[in-house]
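>>> Fold the stuff below for me.
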Amino acid sequence: MSDRHHTADHDAHAAPRATGIKKITTILVLVGLPILVIGSLVAYYKAQNGGQVAASMSEEAVARRIQKVGILQLGESKREPKTGEEVYNVQCTTCHAAGLVGAPKFGDTAAWAPRIGTGYSALLNSALKGKGNMAAQGGGAFADFEVGRAVAYMANAAGAKFEAPAAPEAAATAPEAAASVAK
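Residues are numbered from 1 along each chain as shown. Below you'll find the predicted structure:
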């Protein structure tokens, strides 16, 4: 009882073959439709703003929207010079308040006496260039005259009579005030 397969029945269920005209039409639609859409969008864009760059995209408008995050300025800063006490509180107090790693404690006359005996210039040189466990400027980033002010402040607290150096601008107008003299 086998079922005989008839060719006529099989052909009735098969998909119809595409003719040459249908193939060309399909290709034209698949290629031409995206080109037509893109062309229409470009024409619409040009008609909207006359082919000019939108005002929001002008060089000036873009520059206004881009804000600076910060400015790096090399050279002298325009900040107020720090006093000896301010430099001490910011930089020197870490070691000199507690006497860490051999640093003479602030106000300790006995520890400071031999250092004061060497004179202001020797103390300033040690502070600027570093000595023993102390790094140059104690690791800080102050102007040399500000470090000199801190040296005078600490030494004077232990009994010295050093004059704190003046700021360079003040030194130019009053040369006698710029000289740091050990008394």
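>>> longest helix anywhere in this protein?
helix 20-49 (DSSP state H).
>>> Next, count neighbours for residue 151.
29 (other CB atoms under 10 Å). For glycine as for every other residue, the C-beta is placed from the backbone atoms N, C-alpha and C.
>>> tell me which helix or strand of the protein sits lowest on mean pLDDT?
helix 175-178 (a mean of 45; mean pLDDT, DSSP states H and E).
>>> Now do the helices in this structure.
Using DSSP H, helices in the chain cover 7-13, 20-49, 59-65, 84-87, 93-96, 109-117, 120-129, 144-157, 168-173, 175-178.
>>> Which of the ones you listed comes out lowest on mean pLDDT?
Within those, the stretch with the lowest mean pLDDT is helix 175-178, showing a mean of 45.
>>> quick one on the thing from earlier: and the helices of the chain, which is most packed in?
helix 144-157 (a mean of 22; mean count of other CB atoms under 10 Å).
>>> Just want the most central residue of the protein.
Residue closest to the average C-alpha location in the chain (CA atoms, centre = their mean): residue 70, at 6.8 Å.
>>> which residues sit in contact with the residue nearest to residue 153 when sequence neighbours are not counted?
For residue 153, ignoring the flanking residues on the chain, the nearest one in space by CB to CB, 6 or more residues apart in numbering is residue 84 at 3.0 Å. Going by CB atoms under 8 Å, 6 or more residues apart in numbering, residue 84 touches 146, 149, 150, 151, 152, 153, 154, 164.
>>> residues in contact with the fifth one?
So the one you mean is residue 152. 84, 120, 160, 162, 163, 164, 165, 180.
>>> Quickly note the distance from the residue nearest to residue 153 to residue 118.
Counting by CB to CB, to the nearest Å, the separation of residue 84 from residue 118 is 18 Å.
>>> do residue 98 as well
23 Å.
>>> for residue 88, same thing?
19 Å.
>>> quick one on the thing from earlier: format the helices of the chain as TSV; extra columns: distance to residue 102.
Formatted as TSV, the helices of the chain follow (distance: least, CB to CB, whole Å):
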stretch	distance to residue 102
helix 7-13	102
helix 20-49	75
helix 59-65	56
helix 84-87	20
helix 93-96	9
helix 109-117	10
helix 120-129	12
helix 144-157	15
helix 168-173	32
helix 175-178	32
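>>> Please identify the one among those that comes closest to residue 75.
Closest to residue 75 of the helices of the chain is helix 168-173 (CB to CB; 13.9 Å).
>>> one step back: give me the distance from the longest helix of the chain to the chain's centre.
With CA atoms, centre = their mean, to the nearest Å as the basis, helix 20-49 stands 50 Å off its chain's centre.
>>> what about residue 165, how many residues close to it?
Counted with other CB under 10 Å, the neighbours of residue 165 add up to 25.
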